[in-house]
Structure formats: structure tokens, C-alpha cells
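Trainee: What follows is a predicted structure for the sequence shown.
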Amino acid sequence: MLAFPSGRMLWATYLVGAEFFLKGSEPDLPAVSTGSHIDAIPYSGKYDGVIGVLGAIEPINVLMRSGFKPIRSLEVIMFTSEEPTRYGISCLGSRLLAGSVSLAGALKQTVDNHNISFLDAAKSAGYAKNEDFSNVFLDDQNYSAFVELHIEQGPILENEGVSIGIVTAIAAPASIKVDFAGSGGHAGAVLMPQRNDAGLAAAELALAVEKHVLESGSMDTVGTVGILELHPGAINSIPSKSHLEIDTRDIDEKRRNNVIEKIHESAVAISKRRGVELLEFKIVNQDPPALSDESVIKAMESATQVLNLSRKKMISRAYHDSLFMARKAAMAMIFIPCYKGYSHKPEEYASPEDIANGVKVLVLTLANLSLI
Ligand code: HGY
Ligand code: MN
Ligand code: MN
Ligand code: MN
């Protein structure tokens with residue numbers, strides 16, 4: 001059941017069935033959608049994303065069981081590639097739904113670490129018929145709203161004892177791939193003046209990322225090097241190649257782009273000073289932030305009032321499929337607290353009470369939005 005009601009296939013698995021879709025009295029109106037992702041990064045937790053998928057299916061069932069009659073249909077979307085792990089691009093499904101022509105083109109040449117092409121992977125999951133990935137692009141009439149329930153992935157709600165976060169904006173993410181090449185050689189025999197160590201060039205650039213981020217003048221600027229590979233990867237061989245992947249974000253897009261420029265300048269300076277070649281400095285994505293829509297925020301606020309739950313407006317420093325769904329529908333997110341703010345690590349946890357609170361707010365928010 002992997003097709004839009006309008007019959008289009010997509011990579012954001014579309015669960016269209018009795019319990020994932022509640023038809024409205026005016027089914028031709030743009031529907032209200034909700035959902036999140038089921039994929040995760042390696043060695044991480046069990047709540048990032050999944051809460052917003054299972055927590056989206058339950059409201060549809062509750063509203064159906066209660067005999068609720070929406071005007072707009074309610075639809076659940078389950079994204080299967082929000083993390084950049086497999087194909088190196090974050091929010092793959094929602095980027096496509098939001099109409100990324102460059103991604104639809106790039107996916108024709110994209111393979112994963114096992115050399116499996118995106119098309120083959122999509123076909124084997126029953127999603128794609130052909131390489132025309134643009135056939136899932138949403139038009140502006142598909143959805144009136146998209147609401148995502150998600151763990152906060154930060155400590156604020158837990159620290160302040162607040163039950164519900166209402167997300168007003170999602171920070172602007174960017175990722176960069178860098179490759180250096182040197183001449184490598186014997187770790188004992190080559191004297192230091194003759195070396196052009198690609199590994200140390202990568203290490204110096206990683207520290208430069210931290211330096212430029214900290215110099216931005218704002219706590220909202222963040223950056224790290226999450227992937228760093230050395231070739232040949234032998235202790236007694238000077239690295240002849242290094243590959244690093246940089247993740248930097250900020251709620252202020254201009255400030256973030258400024259940091260990217262400085263990182264690029266550092267990469268060029270390091271390659272010159274160390275006599276290594278800068279083979280690639282590739283900005284994989286450099287996305288703008290997304291602002292939540294007042295109408296959805298208001299629906300969430302009234303839901304928390306009815307449920308007598310404490311709430312706090314906040315920004316999301318993590319990105320989500322909502323970042324791209326916001327380009328095609330009025331968007332906002334519901335955050336619930338998570339243990340010590342942990343995420344993207346096995347200790348990630350959200351309590352049944354907090355999950356239930358989030359789902360209750362989602363039920364009332366969806367009902368509210370489906371009646372206007
Ligand atoms: O990295 C992120 O912000 C998201 O959790 N994938
Ligand atoms: Mn994640
Ligand atoms: Mn997530
Ligand atoms: Mn590369």
C-alpha cells in the first residue's frame with residue numbers, strides 16, 4: 001500500500017488503508033497529513049522518528065473509533081529515509097515530495113555503500129516503477145497542513161518540567177563532503193619535512209570547523225565532523241587520502257552560510273600549507289530554515305489547553321521531514337520530552353506518559369485542522 005490516494009508512488013511510504021487514512025466529507029479538499037520517519041542512524045535510539053509514525057496512526061484510529069467526521073481527509077505519511085545514512089542526503093522522501101528537481105536528477109546516479117542504486121532499492125521495496133522520481137512531487141493542493149510528533153532531542157522540556165513543545169521554527173542544516181589527497185608513504189622512513197599527510201589535513205580542518213562555529217558569536221551555530229575516513233587505514237602508513245563529512249547548522253541561514261565559506265577557505269589554506277590536494281569540497285545540502293504556520297501552532301495551543309498540559313514554544317535544532325513538508329503545507333511540530341535530551345545514541349528514551357501526552361495533543365490538533 002505504497003501509493004498516494006491519487007495513485008502516485010513515492011518513497012515516503014504512504015500507508016493508505018483503513019487505519020492510516022480517514023476520509024473527510026470533502027475528500028477533494030487538501031488533506032491534513034501527519035507522520036515522521038522510521039529510519040535511524042547506526043547505533044542510535046528507538047524513539048527518533050518512530051514516535052511520530054506510530055503516534056500518527058493512533059489518532060486516526062481514535063478518531064475513527066469515536067465516530068469523528070472530518071471535513072478534510074486525514075492521512076499518515078511514513079518517511080523511510082530521513083537520516084542521510086544510506087544515500088548521503090537527509091530527508092530524501094520529503095525533499096522529493098517538496099519538489100527537489102536536483103535530487104530527482106541526482107538519484108538516477110546515486111548508489112549506497114553496497115553499490116545498490118537508489119532505483120533498485122526503491123524498486124525492491126515496491127516503491128518506484130521508473131527513474132522519473134519527479135512523479136511524486138506534491139502540488140500545493142495535496143495538503144493543507146502537515147503535523148509531526150517527535151521527541152525534542154534536547155534537554156529543555158525535561159529540565160523545565162514542560163509536557164509539550166510547540167515548534168515555531170526548524171534550524172537550517174547543511175552538510176559538506178571533503179576529500180584530501182597526499183603522497184602517503186612509510187610511517188617510519190619518510191622524514192617529517194617530506195610528508196604531506198592527508199590525515200592531519202583532515203584533523204586540522206575538523207578543528208577549523210569548531211573554530212569557525214564558535215567564532216560565529218551565537219550559541220545557535222553548531223558544527224561537527226561525523227565521518228572521518230583515512231586511507232589506507234594502517235597505523236604505519238601515512239594517510240594518502242582522507243574523507244570527512246561536516247554537519248553545520250544554525251537557525252540563522254546567513255550566519256550558517258558565513259561559517260561554510262570560512263570552512264571552505266580553511267580547507268584551501270590547509271591544502272596549500274600542507275602540500276595536500278583538495279580533491280573535493282562538496283556542499284551536499286545547504287537548506288534554509290522553516291517557520292511553523294500560525295494556524296497549526298494555534299491548533300496545538302488549544303489542544304494543550306483542553307488537555308491542561310504545560311507547553312512551551314521553541315525552535316528545533318534538529319531537522320525533520322517537516323523542514324521540507326513546510327514548503328507544501330502549513331507545518332508545525334509537537335515535541336515531547338526525552339531522557340536527558342539524549343538522541344542519536346542508544347540511551348534515547350521517552351516515557352509512556354510523555355508519548356501519550358504527545359499523541360493526545362496530536363489527536364485534537366488533527367481533528368481541529370480537519371474541520372476548517
Ligand atoms: O540530524 C537530525 O537533525 C535529524 O535527527 N535527522
Ligand atoms: Mn535523527
Ligand atoms: Mn528524527
Ligand atoms: Mn568524496
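Mentor: Yep, it's here. Ligands and ions are numbered 1, 2, ... in the order given.
Trainee: what sits against residue 368?
Mentor: Neighbour list for residue 368: 299, 302, 303 [criterion: CB atoms under 8 Å, 6 or more residues apart in numbering]. Using the backbone N, CA and C atoms, a C-beta is placed for each residue, glycine as well.
Trainee: For residue 66, give me phi and psi.
Mentor: With angles defined as degrees, to the nearest 10, residue 66 sits at phi -80, psi 0.
Trainee: pLDDT at it, what is it?
Mentor: Residue 66 carries a pLDDT value of 95.
Trainee: before we move on, what about residue 9?
Mentor: 36.
Trainee: And residue 3, by the same measure?
Mentor: 31.
Trainee: circling back: just the ones of the contacts of residue 368 in helices?
Mentor: Using DSSP state H, 299, 302, 303 are the members of the contacts of residue 368 that sit in helices.
Trainee: Can you give me every residue that contacts residue 197?
Mentor: By CB under 8 Å, 6+ apart, the neighbours of residue 197 are 182, 238, 239, 274, 276.
Trainee: run the last query once more with 6 Å
Mentor: With contact set as CB atoms under 6 Å, 6 or more residues apart in numbering, residue 197 has these partners: 182, 238.
Trainee: picking that back up, now for the contacts of residue 368, which sits with the most neighbours around it?
Mentor: residue 299 (26 neighbours; other CB atoms under 10 Å).
Trainee: Give me every residue in the stretch 151-300 of the chain lying close to ligand 4.
Mentor: Contact residues (CB under 5 Å from the ion) of the stretch 151-300 of the chain with ligand 4: 177, 179, 280.
Trainee: Using ChimeraX, define a selection of the buried residues within these.
Mentor: In ChimeraX syntax, the buried subset of those is picked out as below (16 or more other CB atoms under 10 Å):
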select :179
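Trainee: And the closest residue to residue 45 other than its chain neighbours, how far from residue 273?
Mentor: Computed as CB to CB, 6 or more residues apart in numbering, the closest residue to residue 45 that is not its neighbour in sequence is residue 348, at 2.3 Å. In this view, residue 348 and residue 273 are 41 Å apart by CB to CB, to the nearest Å.
Trainee: Those two: which has the busier surroundings?
Mentor: When residue 348 and residue 273 are compared for neighbours, residue 348 comes out ahead with 20 against 11, by other CB under 10 Å.
Trainee: That one - that's part of a strand, no?
Mentor: No: applying DSSP: H, G, I helix; E, B strand; the rest coil, one finds residue 348 to be coil, outside a strand.
Trainee: Surely it is in contact with residue 47?
Mentor: Yes: shown here, residue 348 and residue 47 form a contact pair, counting by CB atoms under 6 Å, at 5.3 Å.
Trainee: Could you point out the longest helix of the protein?
Mentor: The chain, longest helix under DSSP H: helix 253-274.
Trainee: Let me know the closest of the residues of the stretch 151-300 of the chain next to ligand 4 to residue 253.
Mentor: residue 177 (20.3 Å; CB to CB).
Trainee: For the closest one, give me its contacts.
Mentor: 245, 282, 284.
Trainee: and if we set it to 10 Å?
Mentor: 88, 227, 243, 244, 245, 246, 280, 281, 282, 283, 284 (CB atoms under 10 Å, 6 or more residues apart in numbering).
Trainee: coming back round to it: shared neighbours, residue 348 and residue 47?
Mentor: The contact lists of residue 348 and residue 47 share 40, 151, 153, 338, 339, 342, where a contact means CB under 10 Å, 6+ apart.
Trainee: nearest to ligand 4, of these?
Mentor: Distance to ligand 4, by CB to the ion, is smallest for residue 40 among the shared contacts of residue 348 and residue 47, at 23.9 Å.
Trainee: doesn't that closest one fall inside a strand?
Mentor: No: counting by three-state DSSP, residue 40 falls outside a strand, being coil.
Trainee: how far away is the residue nearest to residue 45 from residue 116?
Mentor: Taken as CB to CB, the span from residue 348 to residue 116 is 28 Å.
Trainee: same question, residue 149
Mentor: For residue 149 relative to residue 116 (CB to CB), the value is 31 Å.
Trainee: How about residue 224?
Mentor: Taking CB to CB, one finds residue 224 at 28 Å from residue 116.
Trainee: What ranges in the protein fall below the confidence cut-off?
Mentor: For the chain, applying pLDDT under 70 flags the ranges 1-18.
Trainee: show me the contacts for the most centrally placed residue in the chain.
Mentor: The residue lying closest to the centre of the chain (CA atoms, centre = their mean) is residue 320, at 3.8 Å. Residue 320 is in contact with 36-37, 48-49, 52, 79, 82, 90-91, 94, 148, 150, 153, 167, 170, 173, 290, 326, 331, 333, counting by CB under 10 Å, 6+ apart.
Trainee: And residue 210, by the same measure?
Mentor: 223, 224, 225.
Trainee: Next up, identify which helix or strand it is on.
Mentor: Assigned by DSSP states H and E, residue 210 belongs to helix 198-214.
Trainee: and that helix with helix 253-274, angle?
Mentor: Counting by axes from the mean of the first three to the mean of the last three CA atoms, to 10 degrees, helix 198-214 points 150 degrees away from the direction of helix 253-274.
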